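*Asks:* My questions are about this predicted structure, shown below with the sequence.
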Amino acid sequence: TTTTTTTTTLLATNVPECSSKQEYEAHLDTIGALPKGFATGTAKGTFVPEDVPSMGELNVEGTVIHLTQGPTDSWAATFTKNKFPGAPILIGKSMLASGGPLQAIAINNKVSNVCSGGDGVADSKRVCDAVAEALGIDKGGSVVLPSSTGVIGWRLPAQVLARDVFPRAVASLQSESAVYAAKSIMTTDRYPKVRSVELSSGARIVGIAKGAGMIEPNMATMLSYIMTDAIVSKETLQSILSEAVDQSFNSISVDGDESTSDTAVLVSSNMVETPDADEFKAGVLDVCRGLAGDLVRNGEGTGHVIRVEINNYPGTDYEARSLGRKIVNSPLFKCAIKGNDPNTGRLASAIGSFMGRLQHDPVGTTLTLGGRTIFSDGKFVLDGGDEVEDELSNHIKQAEFGDREDFPRHQRYVQVGVEFSSSSDGGGGGNAIVLGSDLSAEYVSINADYRS
């Protein structure tokens, strides 16, 4: 097993530069070994959507994550705060609140089971019961967590999933690699996402995630499942996951839309003694930060990843993070980045607009692009003519990659810095790092044809 390096920033430094899809997937194979006590299985099927039968047969995939040694009380989760959540979210929140055990997760793509015309909760429970039966779980579907992603508003093809897809997924269970599951849960994702850390105790933390659009999480990510064999209590897991999510998945945005299905789960098989609690916490954070960066980099139509670092904001970390989101969600700024255009006025405008709404004085604000100061003391600092323009444009270009590529060519960013003076509004203190994407014609094309 290859041990990854624990990092302390959002920079996903443990992914090498890759020249091909094959090279990237070979890297995943070296880091994707499942922790002890876990198995995953996948299967494909087809269904005709009841809501739009004219679309004919569509593909659907089912993925099972199974705790092979029996149910565990050591699991934690965070879910979307969207007020129109999917049926799996309602079930998951109830399971988490009850404090009951977990033995399997049943994940389907293509249909998110959100606000459908039928009984979405009953449909999800039917699938969970089928998974429990196939696994021979005595406690039945009550220890199976459902998770769905895909088109909002369609009925879940519960019969196809329960009778065909998930029984075959269970039959395919294997305990070697998380990569198969990472591939199976994808929808419009461009490539699978796997991150892992091996602790000094020998315990592993392995995470997978999916999500490429409708990404601006609020207390969760799109879908993310983090597995570990470290012995950790339920209470500790929940505390660690909530904090890690805040510093990772809650600090990214592709398009500013919060999904109705966002879910992040951290589950332990409790098989390896792990005395260093701080090391475990750092490992979970590293995995979450890596996956969060992967989600943005594989975003629908993304050709640049923007990394905004905010320091000494005259407010809270949450407000600093909100400013970061304002910057990366500005359509004008996103379009400028897509065109490798260092339009510094659009950056300053986004910041000024946000500060004005909160009635904060931006005095003493310094802005940097690619490490070069571009704005200070209320004025742009761009003396140098074409030479400066070329320098800034080249910085953006070096972070560019193909907006249709099916592997991450590199891990470079368009680096934006926002530094506030300590005297601004009586003192600062808010810090944040936020990742976002550019805006391309490819993004529009994908979402114009999403359901088909």
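*Replies:* Cool, got the structure.
*Asks:* the helices in the stretch 101-250 of the chain, which residues?
*Replies:* In the stretch 101-250 of the chain, the segments counted as helices under DSSP state H, counting those that start in this stretch are 120-135, 158-160, 166-171, 179-184, 234-246.
*Asks:* So which of those is nearest residue 320?
*Replies:* helix 234-246 (12.3 Å; C-beta to C-beta). C-betas here are computed from N, CA, C, even on glycine.
*Asks:* just checking, what packs against the closest one?
*Replies:* Here helix 234-246 touches strand 75-79, strand 263-272, helix 277-297, going by 3 or more C-beta pairs under 8 Å, 6 or more residues apart in numbering; DSSP states H and E.
*Asks:* okay, the angle between the longest one and strand 263-272?
*Replies:* Same thing as helix 277-297. 140 degrees (axes from the mean of the first three to the mean of the last three C-alpha atoms, to 10 degrees).
*Asks:* I'd guessed residue 126 sits against residue 155; true?
*Replies:* No - with contact defined as C-beta atoms under 8 Å, residue 126 does not reach residue 155; the gap is 11.9 Å.
*Asks:* could the helices of the stretch 101-250 of the chain be laid out in TSV, adding distance to residue 97 and mean pLDDT?
*Replies:* Converted to TSV, these look like this (distance: least, C-beta to C-beta, whole Å; pLDDT from 0 to 100):
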stretch	distance to residue 97	mean pLDDT
helix 120-135	15	97
helix 158-160	24	97
helix 166-171	25	98
helix 179-184	26	97
helix 234-246	12	95
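*Asks:* Would you mind giving the helices and strands packed on helix 234-246 as CSV with distance to residue 188 and mean pLDDT added?
*Replies:* As requested, the helices and strands packed on helix 234-246 are exported to CSV (distance: least, C-beta to C-beta, whole Å; pLDDT from 0 to 100):
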stretch, distance to residue 188, mean pLDDT
strand 75-79, 21, 95
strand 263-272, 17, 96
helix 277-297, 12, 94
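*Asks:* As JSON lines, the ones you listed with mean neighbour count and distance to residue 199 would be great.
*Replies:* Converted to JSON lines, the helices and strands packed on helix 234-246 look like this (neighbours: other C-beta atoms under 10 Å; distance: least, C-beta to C-beta, whole Å):
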{"stretch": "strand 75-79", "mean neighbour count": "24", "distance to residue 199": "18"}
{"stretch": "strand 263-272", "mean neighbour count": "25", "distance to residue 199": "8"}
{"stretch": "helix 277-297", "mean neighbour count": "24", "distance to residue 199": "6"}
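*Asks:* Any idea which of the ones you listed gets closest to residue 179?
*Replies:* Per C-beta to C-beta, nearest to residue 179 of these: helix 277-297, 13.3 Å.
*Asks:* Let me know the angle separating that closest one from helix 234-246.
*Replies:* 40 degrees.
*Asks:* What helices and strands are in contact with the helix or strand that helix 277-297 is followed by?
*Replies:* Sequence order places strand 305-313 as the next helix or strand after helix 277-297, per DSSP states H and E. With contacts defined as 3+ C-beta pairs under 8 Å, 6+ apart, strand 305-313 has these neighbours: helix 277-297, helix 317-328, strand 414-419, strand 430-437.
*Asks:* Please tabulate these in TSV, including the columns distance to residue 60.
*Replies:* TSV is the format used below for these (distance: least, C-beta to C-beta, whole Å):
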stretch	distance to residue 60
helix 277-297	22
helix 317-328	32
strand 414-419	36
strand 430-437	27
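*Asks:* right, and these - which one's nearest residue 398?
*Replies:* strand 414-419 (8.9 Å).
*Asks:* Mind listing residues that contact the closest one?
*Replies:* Strand 414-419 has contacts (C-beta atoms under 8 Å, 6 or more residues apart in numbering) with 304-313, 323-324, 327, 337, 347, 351, 365-371, 395-396, 399.
*Asks:* All set now, cheers.
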